[in-house]
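1. Sequence plus the predicted model coming up.
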Amino acid sequence: MILASRISKLNPSYTMQMAAIASRMREEGVDVIDFSVGEPDLPTSKHICNAAITAIDNGFTKYTTVSGIPELKTAIKEKVKRDNNIDIETDQILVSNGGKQSLYLACQSLFEKGDEVLLFSPFWVSYPEIVKLTDANPIVIDTKPENNFEPNFNKLSNKISSNVKGVIINSPSNPTGAVWSDSAVKNILKLAKEKGWVVFSDECYEQLVYEKPFTSIASLNEYNAEVITFMTLSKSYAMTGWRVGYAFGNSKLIKAMSKLQGQETSCVNSIAQKAAVEALTGDQSFRVEMKKTFKRRRDLMFSLLDDIPGISCTIPDGAFYAFPDFSKYLGTHFNGKVFNSSTQLSQFILETSKVVTVPGEGFGAPGHIRFSYAISSDFIKEGIKRVKQALKKIKY
Ligand code: PLP
């Protein structure tokens, strides 16, 4: 069988590959510590689960409107006003199977061959792949930890051609956890307005910002740039498996995305939509507790990482990832084997200490390794202890 060339051009998800390794090892009875997790380890709250059970009991089990049930759109509208201080209309909202599907639909609706889309590295693994699937070119702008992973706006202009049609921002970021300053956001919005770009703001970690209140990019849009915002219940309410996310922005774009979704997957699961209404409108104490838990774990994780010789790591303000720089270990060797990439280093850590991490290459950041702290404090302590012991074997 000959597959379409778009499949061979597509890289598999690094994070999902590492998660699959962790789960295989667990099944084999290996005492594995898994830092590759991309989801809260807490269960979905009972009141949300009960709303789903009620939906089933009431027979709410059929297709719904493609773009989402009116009750959920109203809940999203109210949530976006309450939490993000943004006014939107119902026709500016699309409910999708997670933020990922919304991102895919927006890219398919806007980009095509000849277009360029700006991404900032380190980037979430799926952005370049989703852009490539439209035949547009992802253009990667490097950012540095010492600049809070924000772009250097003077250098940025060298990378800009007239083919750029969009820019993807992810703050708080996966994998760095960095939260962009308001001034960096405003710089991009100003540039986007001048150049006519569409700004994609992936705010899937909006509820996990620790030191200051989260500010949604669209709420800073004094330049009136075209912004489409992506949010999800996955991380905010520990609902990754329910598959509910949403996008809001220009109603013409939302209508196009909805048309595509109608031919692709139809509506989001009806039962999950009812659960999402309860999540957004019901008791919000879960979010507060989850944030406290993750902040404690973040502080623990960083104090332990700080104690490992040869790596450097800035404490990020959001999400649940640490993204330390291991580049001092590149070019080193153990038992005659040279470590030329963080993938090889990550593999060494896995083999030596049964600790699963995600190498930086998939995020466009060779030399770095991602550690998730969406696992218990005991696992964090044990996992980092093992990593430290493994690295002791290497002379850097
Ligand atoms: N965006 C980022 C940066 C992510 O890390 C993820 C999931 O890991 C998503 C979007 C998609 O999440 P979901 O499709 O579950 O809403």
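-> Cool, got the structure. What you see is a predicted model; the values in this text were computed from it and never measured.
2. ok, the closest residue to residue 353 other than its chain neighbours - contacts?
-> Setting aside the residues directly before and after it, residue 353 is nearest to residue 386 in space (Cβ to Cβ, 6 or more residues apart in numbering), at 3.6 Å. For the C-beta atoms, the positions are set from N, CA and C on the backbone; glycine is no exception. Taking Cβ atoms under 8 Å, 6 or more residues apart in numbering as the criterion, residue 386 is in contact with 33, 353, 354, 355.
3. 10 Å - rerun?
-> For residue 386, the set of contacting residues under the criterion of Cβ atoms under 10 Å, 6 or more residues apart in numbering consists of 31, 33, 349, 352, 353, 354, 355.
4. helix or strand for the third one, which one?
-> Just to be clear, that refers to residue 349. For residue 349, the enclosing helix or strand under DSSP states H and E is helix 342-353.
5. Tell me the helices and strands packed up against that helix.
-> Identification of packing neighbours for helix 342-353 by 3 or more Cβ pairs under 10 Å, 6 or more residues apart in numbering; DSSP states H and E yields helix 14-27, strand 333-334, strand 337-338, strand 355-356, strand 358-359, strand 369-372, helix 377-392.
6. Kindly calculate the angle that it makes with helix 377-392.
-> Between the axes of helix 342-353 and helix 377-392, defined by axes from the mean of the first three to the mean of the last three Cα atoms, to 10 degrees, the angle is 110 degrees.
7. Next, the angle helix 14-27 makes with helix 342-353.
-> Helix 342-353 and helix 14-27 are oriented at 10 degrees to each other (the same axes, to 10 degrees).
8. pLDDT on helix 342-353, on average?
-> Confidence over helix 342-353 (mean pLDDT, whole number) is 92.
9. chain center to it, what's the gap?
-> On the basis of Cα atoms, centre = their mean, to the nearest Å, helix 342-353 sits 24 Å off its chain's mean C-alpha point.
10. Tell me the buried residues in that helix?
-> Neighbour-count burial for helix 342-353, counted by 16 or more other Cβ atoms under 10 Å, picks out 342, 343, 345, 346, 347, 348, 349, 350, 352, 353.
11. export those residues to TSV and tack on distance to residue 331?
-> Compiled in TSV, the buried residues of helix 342-353 are given as follows (distance: Cβ to Cβ, whole Å):
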residue	distance to residue 331
342	12
343	14
345	11
346	16
347	16
348	14
349	17
350	20
352	18
353	21
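12. now, among these, which is nearest to residue 365?
-> For those, the minimum distance to residue 365 (Cβ to Cβ) is 8.3 Å, reached by residue 342.
13. Enumerate every residue touching the closest one.
-> Shown here is residue 342, whose contacts under the criterion Cβ under 10 Å, 6+ apart are 324-327, 329-330, 349, 357-363, 365-370.
14. Residue 158 now?
-> Residues counted as contacts of residue 158 (Cβ under 10 Å, 6+ apart) are 141, 152.
15. What is the burial count for residue 295?
-> A total of 16 residues lie near residue 295 under the criterion other Cβ atoms under 10 Å.
16. got the residues of the stretch 101-250 of the chain near the ligand?
-> Taking Cβ under 6 Å from any ligand atom as the criterion, the neighbours of the ligand within the stretch 101-250 of the chain are 124, 170, 174, 202, 204, 232, 234, 240, 245.
17. Name the helix or strand of the protein that has the lowest mean pLDDT.
-> Ranking every helix and strand in the chain by mean pLDDT, DSSP states H and E puts helix 153-159 at the bottom, with a mean of 78.
18. one step back: compare the helices and strands packed on helix 342-353 and give me the one nearest the ligand.
-> Set against the ligand and scored by Cβ to the nearest ligand atom, these come closest in helix 14-27, at 7.1 Å.
19. which residue sits closest to the residue of the chain found nearest the ligand, ignoring its sequence neighbours?
-> The minimum distance from the chain to the ligand, using Cβ to the nearest ligand atom, falls at residue 98 (2.5 Å). Spatial nearest neighbour of residue 98, chain neighbours left out: residue 245 (4.3 Å); criterion: Cβ to Cβ, 6+ apart.
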